[in-house]
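Participant: one predicted model, sequence on top.
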Amino acid sequence: MPDTSQPVVGNGAPARRTIGTSVAHNARVHDYWLGGKDNFAADRAAGDAVMAAYPGSSCRCAPTGRSWHGPCGSWLPVALSQVTSDIQAEQMAEAARRYNRLARETQRHRTHAEVARFFDGLDLAEPGLVPVQHWRPDSESEAANSHSAMWGGVARKG
């Protein structure tokens, strides 16, 4: 009878129980951009490399991005934000190259059309699928002074 006291991976070898902190992980990079505490030097280096490739981006302002999800009310919402390849394409391609060189899980940026397909069959809330800084900003000034290469939208099942 096989030993089931330890988890195993597909090849039958014992599963590792450690977190690789020497290679960036996208969730921890995002945590760093949000001002969180659950990130490591490799995550901060990858986050900084992306910021250097895309100066003026609003990654550091991401807490604002959390607020656009808003309260659910009577909706069963589907909220999505996705880094894009068709807003400032050259800068975003360079940001992806820098990040992918440093991270365990690589990025794939999507176009507006590719992100829109995630909302097929759902009712998009106004203003629809737009750059995240334009999704119900607190003011026109906030939208004008924020720079992000992410499409964002909120929808509900009709």
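Facilitator: Here it is on my side, so go on. Since we're looking at a predicted model, the values are computed, not measured. Numbers count the residues shown, from 1 in each chain.
Participant: please count neighbours and contacts with C-alpha atoms only from this point.
Facilitator: OK.
Participant: least trustworthy helix or strand in this structure by mean pLDDT?
Facilitator: Of all helical and strand segments in the chain, the minimum by mean pLDDT, DSSP states H and E falls on helix 62-67, at a mean of 43.
Participant: from memory F119 sits against A155, does it?
Facilitator: Yes - the pair F119 / A155 is scored as a contact, 7.0 Å apart, by CA atoms under 8 Å.
Participant: settle it for me: which of these two has more neighbours?
Facilitator: A155 (22 against 19; other CA atoms under 10 Å).
Participant: got the phi/psi numbers for the more buried one?
Facilitator: Note on A155: backbone dihedrals following degrees, to the nearest 10 are phi -140, psi 170.
Participant: end to end, how far does stretch 122-132 reach?
Facilitator: 19 Å (CA to CA, to the nearest Å).
Participant: and it, what's its mean pLDDT?
Facilitator: The average of the pLDDT scores along stretch 122-132 is 90.
Participant: for D43, what are its contacts?
Facilitator: Residues near D43 by CA atoms under 8 Å, 6 or more residues apart in numbering: 23-26, 28-29, 32, 103.
Participant: possible to save the residues you listed as JSON lines with pLDDT, neighbour count and distance to S139?
Facilitator: Compiled in JSON lines, these are given as follows (pLDDT from 0 to 100; neighbours: other CA atoms under 10 Å; distance: CA to CA, whole Å):
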{"residue": "V23", "pLDDT": "89", "neighbour count": "18", "distance to S139": "38"}
{"residue": "A24", "pLDDT": "89", "neighbour count": "26", "distance to S139": "34"}
{"residue": "H25", "pLDDT": "88", "neighbour count": "24", "distance to S139": "33"}
{"residue": "N26", "pLDDT": "81", "neighbour count": "19", "distance to S139": "30"}
{"residue": "R28", "pLDDT": "88", "neighbour count": "21", "distance to S139": "30"}
{"residue": "V29", "pLDDT": "86", "neighbour count": "26", "distance to S139": "28"}
{"residue": "Y32", "pLDDT": "88", "neighbour count": "24", "distance to S139": "26"}
{"residue": "A103", "pLDDT": "84", "neighbour count": "20", "distance to S139": "35"}
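Participant: and these, which is closest to N39?
Facilitator: Among the contacts of D43, R28 lies closest to N39 (CA to CA), at 4.9 Å.
Participant: show me where pLDDT drops low in this structure?
Facilitator: Confidence mapping of the chain against pLDDT under 70 gives the ranges 1-17, 54-81, 158.
Participant: ranges for the helices of it?
Facilitator: For the chain, applying DSSP state H gives helices covering 26-33, 41-53, 62-67, 89-102, 112-116, 140-145.
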